[in-house]
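J.: 3D, please:
(one chain, ligands or ions: 1)
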Amino acid sequence: MKVHILKNEAAVALAVATRVTRLLAERPSAVLGLPTGNTPVRLYAELRRRHRLGKIDFSKASTFNLDEFWGLPWTHPASYRAFMEEHLFQHVNLAPRRIHFLNGMAKSAAAECAGYEAAIQRAGGLDLMILGIGTNGHIGFNEPAPSLTADTHLARLAPATRRSNAYLFDGRQGAVPPTALSMGAGTILRSRAVILMATGASKAGAVRAAVHGQVTSRMPASLLQLHRDVELVLDQAAAGGLR
Ligand code: F6R
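T.: From the prediction side, this is the model:
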C-alpha cells in the first residue's frame with residue numbers, strides 16, 4: 001500500500017481530484033467507482049470546479065457508485081443517488097446512460113446485484129475505485145464480520161454505520177435503513193486501482209488497523225493489503241496512528 005500523508009482535508013481532495021483528472025485525460029472512457037459520505041464532499045466540489053474551468057471532461061467516462069440504501073427511492077433526499085446528483089452528477093458532463101447506480105427499490109435484491117456485477121464487466125471493469133473508510137474499518141457497506149461477501153450484495157449495516165448516517169435522516173438513527181446494497185470486497189479488489197481517502201482523527205484507528213494489522217474480514221479495509229495498486233490518501237489526523 002502506498003500511503004500519502006497530506007496537510008489537511010483540502011489537500012486530500014486536491015490530490016485525489018488530480019488523480020481523477022489525469023486518469024480521464026489519459027483515458028477519457030475510464031470507469032470510476034465512487035463513494036458517498038462526508039469524506040468525498042470536497043473532492044466532488046473540486047471536480048465540479050475543474051469541470052467549470054474546462055479542465056476535466058467526463059463525457060466518455062462511466063461511473064458505478066459503491067452502495068445505496070435498500071428501500072429508498074432515488075428521489076429520497078437521503079438516498080446516495082440524491083447525494084451524487086447534488087454533489088456531482090448535476091454539474092458535470094457525465095452521460096446519464098453511463099452513470100450506474102444500485103436501485104434500492106429493485107424488486108429483487110439478488111437480481112439487482114447480479115445485474116450490477118454484469119454491468120461492471122460489460123463496461124470493462126473498474127479502472128479506479130475511490131473509497132472512504134468507516135470508523136469500524138468498513139469499505140462500501142462491507143462491515144466487520146466473520147466472513148465477507150465477494151460480489152455486490154444486500155448488506156446489513158452495523159449499528160455504528162447507522163449512527164454515522166443518521167445525519168442524512170435529521171439525526172434519527174432509527175430512520176436509517178437497516179440494510180443496503182453494496183459492492184462486495186471482491187468487486188472492490190477487482191478494480192485495477194484503488195484509492196482510499198480518510199480524513200479526521202475518528203478514522204485513525206481504522207486506518208492504522210487497515211495498514212498495519214492482519215488481513216481479516218473483521219477489518220474489511222485490511223483486505224486492500226492484498227491489492228497491488230492501492231493508495232491511501234490521508235490527512236495528518238487520519239494518519240495519526242501510523243508507525
Ligand atoms: C459510502 C460508503 C462508506 C463511506 C464510509 C465513510 O458510499 O461506502 O463506506 O465511505 O462510511 O463515510 P464518511 O466519509 O461519511 O466518513
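J.: which strands or helices does the helix or strand of the chain at the bottom of the mean pLDDT ranking pack on?
T.: When the helices and strands of the chain are compared on mean pLDDT, DSSP states H and E, helix 159-164 comes out lowest with a mean of 95. Of the remaining helices and strands, none touches helix 159-164 by 3 or more CB pairs under 8 Å, 6 or more residues apart in numbering; DSSP states H and E. Glycine gets a C-beta too; all of them are placed from N, C-alpha and C.
J.: whichever helix or strand comes after it close to the ligand?
T.: Next helix or strand after helix 159-164 toward the C-terminus (DSSP states H and E): strand 179-182. No - Strand 179-182 lies out of reach of the ligand by CB under 6 Å from any ligand atom, never closer than 6.8 Å.
J.: quick one, longest helix in this structure?
T.: Ordering each helix of the chain by length in residues (DSSP state H) puts helix 9-26 first.
J.: now stretch 117-136: mean pLDDT?
T.: Average pLDDT, stretch 117-136: 98.
J.: got the CA positions of that stretch in PDB?
T.: Provided in PDB are the C-alpha atoms of stretch 117-136 (Å, rounded to 0.1, in the frame of the first residue of the first chain):
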ATOM      1  CA  GLU A 117     -21.800  -7.000 -11.500                       C
ATOM      2  CA  ALA A 118     -22.600  -7.800 -15.100                       C
ATOM      3  CA  ALA A 119     -22.800  -4.100 -16.000                       C
ATOM      4  CA  ILE A 120     -19.300  -3.500 -14.400                       C
ATOM      5  CA  GLN A 121     -18.000  -6.300 -16.500                       C
ATOM      6  CA  ARG A 122     -19.600  -5.000 -19.700                       C
ATOM      7  CA  ALA A 123     -18.000  -1.600 -19.000                       C
ATOM      8  CA  GLY A 124     -14.600  -3.400 -19.000                       C
ATOM      9  CA  GLY A 125     -14.200  -3.400 -15.200                       C
ATOM     10  CA  LEU A 126     -13.400  -0.600 -12.800                       C
ATOM     11  CA  ASP A 127     -10.300   1.400 -13.600                       C
ATOM     12  CA  LEU A 128     -10.200   3.400 -10.400                       C
ATOM     13  CA  MET A 129     -12.200   2.700  -7.200                       C
ATOM     14  CA  ILE A 130     -12.300   5.600  -4.800                       C
ATOM     15  CA  LEU A 131     -13.200   4.600  -1.200                       C
ATOM     16  CA  GLY A 132     -13.900   6.200   2.100                       C
ATOM     17  CA  ILE A 133     -13.500   4.100   5.300                       C
ATOM     18  CA  GLY A 134     -15.900   3.700   8.300                       C
ATOM     19  CA  THR A 135     -14.600   4.200  11.800                       C
ATOM     20  CA  ASN A 136     -15.100   0.400  12.200                       C
END
